[in-house]
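Asks: Pasted the sequence and its predicted model underneath.
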Amino acid sequence: MSEENLNATETVAETTTEETSTEEMVPKSEISGLYSALQKEREARKIIEKEIKEKDQKLERFKDVNPAEYQKLVEEASAAAAAQAAAQERTQLLEEKYGAQAAEATKKAEVANRELLEFRKRYALEKVFFAAGGRTDSADGVSFFDMLANQIGGQFRLNGDNTVSVVDSNGDKILDSETGKPIAPEDFLTGYKTHPIYGTFFKGSKGSGAGLGYSGTDANGIPVQDLDSMTVNDLFRQAWG
């Protein structure tokens, strides 16, 4: 993409990140609302069960002492049992009706969250790519970053602060063999400048295809040297060697 498009992309991405951080991809009310009715029915059933237990205890006390009261309590217990059965039936109907919808809403929320994290990761990685000298131009909707990210994007992990770390196949950070510290993402990408294919995705350090030592490639992906730093004798040997 062009430099102007890059600036626009960064602005849009930053705005999207800020807006999304304060809004749910799928409203929580959509999920909690489905379970709310179920919870109410369960609470109502607990109350009914408690009432039945209390009435059973009363029956034992009044069975022989007061037959009339006993008969009344028997009728109340029967009515409570019928109410409990009706409550269980309503709960079952609600579970059948809304259970699948609640599961689908949860699934959509998980998918949306994964897509958001992937977007943040690519945005963070794209900034590292450009900082490492990656080419910003694109054609037919495809950029050099897109092609590189599709191939090696799995070697990076998004951090909580919206930066990326270089990781191995197990998801562990790759350490610098000299310092013992996690390798910087920009340094990791810079290593691809000498790659016969990926090297063409980067700008030369000194103009097209020129860099320090073998830090750049030409348009054909061939590593090139920085001729400006070579002595006359070195140039002679390079030309006739």
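Replies: Yes, it's here. Numbering: from 1, shown residues only.
Asks: Show me the domain layout of this protein.
Replies: Domain ranges of the chain: 3-131, 204-241, per automatic domain parsing.
Asks: By mean pLDDT, show me the worst of those.
Replies: Of all those, the minimum mean pLDDT falls on domain 204-241 (a mean of 48).
Asks: number of nearby residues for the residue lying closest to residue 132 once chain neighbours are set aside?
Replies: For residue 132, ignoring the flanking residues on the chain, the nearest one in space by Cβ to Cβ, 6 or more residues apart in numbering is residue 189 at 4.2 Å. In short, each C-beta sits where N, CA and C put it, glycine included. Applying other Cβ atoms under 10 Å, we find 25 other residues in the vicinity of residue 189.
Asks: Which helix or strand contains the closest residue in space to residue 158 that isn't next to it in sequence?
Replies: Spatial nearest neighbour of residue 158, chain neighbours left out: residue 121 (4.0 Å); criterion: Cβ to Cβ, 6+ apart. Under the criterion of DSSP states H and E, residue 121 resides in helix 67-131.
Asks: Can you check what pLDDT the model gives the residue nearest to residue 173 when sequence neighbours are not counted?
Replies: What sits nearest to residue 173 in space, not counting adjacent residues and going by Cβ to Cβ, 6+ apart, is residue 182, at 4.4 Å. Model confidence at residue 182, given as pLDDT, is 94.
Asks: residues touching residue 182, list them.
Replies: Shown here is residue 182, whose contacts under the criterion Cβ atoms under 8 Å, 6 or more residues apart in numbering are 165-166, 173-176.
Asks: Roughly how far does residue 166 sit from residue 157?
Replies: Here the distance between residue 166 and residue 157 works out to 8 Å (Cβ to Cβ, to the nearest Å).
Asks: Of the two, give the one with the bigger neighbour count.
Replies: Comparing residue 166 with residue 157 by other Cβ under 10 Å, the one with more neighbours is residue 166, at 21 against 14.
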